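S.K.: need a structure here:
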Amino acid sequence: MSKKDAKPTHQFFAEIGSFATAIRIILMAEMVAVIIALGRSSVLDKQAWNDLNFFSAYALLVAFMLIISLRLLSPILRRVSMVSGSIVTYVLLLGVALIGGELIIYILYDLQYIPQRWPVWRNEFLIRSLVVSAIVGIPTVRMILLRQRALYDARTQQDARLQALQSRIRPHFLFNSLNSVAGLTRKEPDKAEAVLHDLADLFRVLLADARKLVPISAEQEISRQYLEIEKIRLGKRLKIKWNISNIPRSAQIPALTLQPLLENAIYHGIEPRFAGGTIRIDMWTEDNLLNIMISNPLPDVAHKRLSKGNQIAQDNIRQRLSTQYGSAASMQAFEDGGQYHVKVKMPIQV
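M.R.: The predicted structure follows:
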C-alpha cells in the first residue's frame with residue numbers, strides 16, 4: 001500500500017480511547033449480562049438476581065479491562081489500517097474475556113463466595129465466556145468501527161468544508177497592492193521589496209491548511225502587514241487604532257480571521273469616504289470567550305454593491321466559524337453612531 005493510500009487510515013481510530021467509546025462498551029456489556037441472566041432463569045427469583053449480579057460483575061470487569069487496553073493501545077491503533085485495527089480489537093476482546101474469567105473466579109474465592117480456587121465448573125465457564133465473547137464481539141467491534149467511521153467521515157467533511165471556505169477568500173487588495181509595488185519600484189525599491197515580503201507572508205497564510213489554529217499574536221502580525229500595505233495605497237486616509245486587553249498569549253484562533261474583516265472595513269468603509277477614517281480593533285476576553293470587534297465609519301453615500309459584497313464576505317467568515325466551533329461561536333454586524341461594527345465571539349483555545 002502506498003503512503004498516499006495509507007494516509008486516510010492513520011487517524012481512523014482517533015477516538016478509540018475516548019469516553020464516548022467507553023460508555024458504549026459498558027452499555028453493551030451490561031446488556032449482554034442482563035440477557036444471559038434472564039435466559040438462565042424461568043422465574044425472577046433470588047437465584048435469578050444472584051445470576052444477574054454475577055454476570056454483571058463479570059461483564060463490567062471485562063468491559064473495563066477492554067477500555068483500559070484500548071486506551072493504552074490507542075496510539076498504535078491510530079497508525080494502523082481499519083482491518084488491522086478491527087482484528088486487534090477483536091483479539092483483545094477475547095483475551096480480556098479469558099483473563100477476566102480467571103479474575104472473577106479468583107475474586108469469588110478470595111471473598112469466600114466459592115469454596116475452591118479451581119472449581120469444577122471453571123473450564124466450562126471459561127469456554128462459554130470465550131464463545132459468548134466471540135459472538136458478541138462481532139457486533140461490538142462493528143459498533144466501535146461504525147462510530148469511528150462516523151467520526152472520521154464527519155471530520156473529513158468538516159476539513160473539506162473549511163478548505164473550500166478558505167479557498168473562496170480572494171483578497172481584493174492583491175491587484176491594488178501590486179499596483180502600489182509597481183509605483184514604488186523606481187522611487188523606493190527597498191519599500192517595494194518590503195511590501196512584496198508582506199504579500200508573500202499573507203498568501204502563505206492564505207494557502208495554508210484551513211484547519212490550522214494560529215496564535216493570536218501571529219494573526220495580529222499578519223493583519224499588521226496587510227494594513228501596512230494598504231497604508232501605502234491610501235496614505236493618511238487610513239488610520240488604525242488597536243485596543244487589546246487581557247488576551248492570553250497562548251490563545252489561538254483560526255488563521256485569517258482578522259484580515260478579511262479588516263479588508264471589509266477598508267473596502268466598504270474607508271475607500272468610499274473622501275476623507276477616509278479610522279478603523280478600530282477591540283479585542284478582549286469575557287466568560288472564557290474571545291471577543292473581537294472591528295469598527296469603521298459608514299460611507300458618505302450608501303451603495304448597494306458595497307453592501308452586497310460586505311454580506312458575502314461576512315457569510316464566508318460566519319460559515320468558517322460555525323464549521324470550526326459550531327454554536328459556540330457567533331458573529332454579528334450592526335450600525336451604531338455612524339459606525340459599522342462587526343463583533344465576533346469564539347471559545348478561547350490555548
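S.K.: where does the protein have low pLDDT?
M.R.: For the chain, residues meeting the criterion pLDDT under 70 lie at 1-18, 42, 148, 151, 153-180, 183-184, 201-211, 302-313.
S.K.: Helices along that one, start to end?
M.R.: Secondary structure of the chain (DSSP state H): helices at 3-6, 19-40, 46-77, 82-110, 122-167, 173-187, 189-206, 216-234, 258-265, 304-325.
S.K.: Adding distance to residue 251 and mean neighbour count as columns, could you present those helices in CSV?
M.R.: Where C-beta positions appear, they are placed from N, C-alpha and C, glycine not excepted. What follows is these, written out as CSV (distance: least, CB to CB, whole Å; neighbours: other CB atoms under 10 Å):
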stretch, distance to residue 251, mean neighbour count
helix 3-6, 35, 9
helix 19-40, 26, 16
helix 46-77, 28, 17
helix 82-110, 35, 17
helix 122-167, 19, 15
helix 173-187, 26, 14
helix 189-206, 17, 15
helix 216-234, 5, 19
helix 258-265, 13, 22
helix 304-325, 14, 16
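S.K.: So which of those helices is nearest residue 244?
M.R.: helix 216-234 (8.0 Å; CB to CB).
S.K.: relative orientation of the closest one and helix 258-265 in degrees?
M.R.: 30 degrees (axes from the mean of the first three to the mean of the last three CA atoms, to 10 degrees).
S.K.: From the contact counts, what lies against helix 216-234?
M.R.: Counting contacts by 3 or more CB pairs under 8 Å, 6 or more residues apart in numbering; DSSP states H and E, helix 216-234 packs against helix 173-187, helix 189-206, strand 238-244, strand 252-254, helix 258-265, strand 277-286.
S.K.: what's the closest residue to residue 108 other than its chain neighbours sitting at in phi/psi?
M.R.: Leaving aside its chain neighbours, residue 108 sits nearest to residue 114 (4.8 Å; criterion: CB to CB, 6 or more residues apart in numbering). Backbone torsions of residue 114, given as degrees, to the nearest 10, read phi -130, psi 150.
S.K.: any idea how far residue 19 is from residue 114?
M.R.: Residue 114 sits 35 Å away from residue 19, going by CB to CB, to the nearest Å.
S.K.: Residue 325 touches residue 347, doesn't it?
M.R.: Yes. Between residue 325 and residue 347 a contact is recorded at 6.0 Å, counting by CB atoms under 8 Å.
S.K.: Distance-wise, check the nearest residue to residue 258 once chain neighbours are set aside relative to residue 66.
M.R.: Nearest residue to residue 258 in three dimensions, chain neighbours excluded: residue 223, at 4.4 Å (CB to CB, 6+ apart). Residue 223 sits 49 Å away from residue 66, going by CB to CB.
S.K.: Repeat that for residue 297.
M.R.: Distance, residue 297 to residue 66, using CB to CB: 63 Å.
S.K.: next one: residue 251
M.R.: The gap separating residue 251 from residue 66 is 38 Å, by CB to CB.
S.K.: Kindly report the same for residue 123.
M.R.: Using CB to CB, residue 123 is found at 23 Å from residue 66.
S.K.: With residue 27 instead?
M.R.: According to CB to CB, residue 27 and residue 66 sit 13 Å apart.
S.K.: With residue 89 instead?
M.R.: Distance of residue 89 to residue 66, given as CB to CB: 9 Å.
S.K.: can you check residue 195 too?
M.R.: Applying CB to CB, the value for residue 195 to residue 66 is 60 Å.
S.K.: Then residue 23?
M.R.: 13 Å.
S.K.: Likewise for residue 271?
M.R.: Distance from residue 271 to residue 66, counting by CB to CB: 63 Å.
S.K.: so residue 338 touches residue 296, yeah?
M.R.: No. Contact criterion CB under 8 Å: residue 338 and residue 296 do not qualify, at 10.3 Å.
S.K.: ok, these two, which is more surrounded?
M.R.: More crowded of residue 338 and residue 296, by other CB atoms under 10 Å: residue 296, with 23 against 8.
S.K.: Can you get me a residue count around the closest residue to that one other than its chain neighbours?
M.R.: In this structure, residue 296 finds its nearest non-sequential neighbour in residue 269, 3.4 Å apart by CB to CB, 6+ apart. Using other CB under 10 Å, residue 269 has 23 neighbouring residues.
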